[in-house]
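Peer 1: predicted model and sequence below, questions to follow.
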Amino acid sequence: MDQLVICFPTSIAGTRCYTDALTTPDTAVSVPRQTGLGIFIINTDVQPPLSIFIKATMQDSPLVIMAESAAIALAAQLLNHLQGHQKTLLSDNQQLVNFLNGSNFSDPPDWKIKPYIQITASLLSRTNLVVRTIGRTHNQMADSLVRQDFSALQNNQIDYSRVYTNPSHGNDCPLLKAINDGTINIVMVLTASCC
């Protein structure tokens, strides 16, 4: 079995981060379109366990793989700002996970994803973050977030920049720090909540 594929993600200790992206299917002509990004983070290293839900968007994603790589890069940057010893980024895009676990980042699957690959590769090389593949059935929360997000984008029902923090965290909410320090210029966080 491929060591990069995780069959039981809930058995992973530490912080798990599930990512997904949704846009209209690629066409022969590369046309920019709205894209939804969903990120679900659960940290079992702290008590009570910390759960973070993020919906984000990027406006001009001409490729599905570009949206997926942006979701992974955003998640990697957010994870970089969260406490924890072991952090695992989970994606159902096996092509990207295999590429990010390779040794040569000079030839990405598509050149348009190079900025996102560079962000993620840099964090992989200097942090305790690992990237693994999961099946779509194990990625239901990130998929649900991205579907809600994409539906709101399509219906112009977007509620921009809403961040809901856990009141017990006060000014030390890890979500606020992660969002303030770990965003990507072309990606806009629409809503985020910390439980």
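Peer 2: On my side now, so go ahead. Numbering: from 1, shown residues only.
Peer 1: in its sheet, what does the helix or strand containing Cys17 sit against?
Peer 2: Following DSSP states H and E, one finds Cys17 within strand 15-22. Applying DSSP bridges, strand 15-22 is found paired with strand 33-43 (antiparallel), strand 87-91 (parallel).
Peer 1: tell me the secondary structure at Ser125.
Peer 2: helix (DSSP: H, G, I helix; E, B strand; the rest coil).
Peer 1: so what's the residue count around it?
Peer 2: Number of residues near Ser125 (other C-beta atoms under 10 Å) recorded here: 9. (Each C-beta comes from the backbone N, C-alpha and C, glycine too.)
Peer 1: leaving out chain neighbours, which residue sits closest to Ile134?
Peer 2: Counting by C-beta to C-beta, 6 or more residues apart in numbering, Ile134 lies nearest to Leu90, which is 4.7 Å off, once chain neighbours are set aside.
Peer 1: returning to that earlier point: lowest average confidence across the strands paired with strand 15-22, which one?
Peer 2: Among the strands paired with strand 15-22, strand 33-43 carries the lowest mean pLDDT, a mean of 88.
Peer 1: which SSE is immediately downstream of it?
Peer 2: Using DSSP H and E, the next helix or strand after strand 33-43 towards the C-terminus is strand 50-61.
Peer 1: now do the strands in this structure.
Peer 2: Assigned strands in the chain, in chain order: 5-6, 15-22, 33-43, 50-61, 87-91, 129-134, 162-164, 187-194 (criterion: DSSP state E).
Peer 1: from memory the residue nearest to Ile134 sits against Thr15, does it?
Peer 2: No. Counting by C-beta atoms under 8 Å, Leu90 does not reach Thr15; the two are 10.6 Å apart.
Peer 1: on that earlier part again, among the strands paired with strand 15-22, which comes closest to Ala192?
Peer 2: strand 33-43 (8.6 Å; C-beta to C-beta).
Peer 1: and the angle from the closest one to strand 50-61?
Peer 2: Angle, strand 33-43 to strand 50-61, by axes from the mean of the first three to the mean of the last three C-alpha atoms, to 10 degrees: 160 degrees.
Peer 1: thanks a lot, see you next time.
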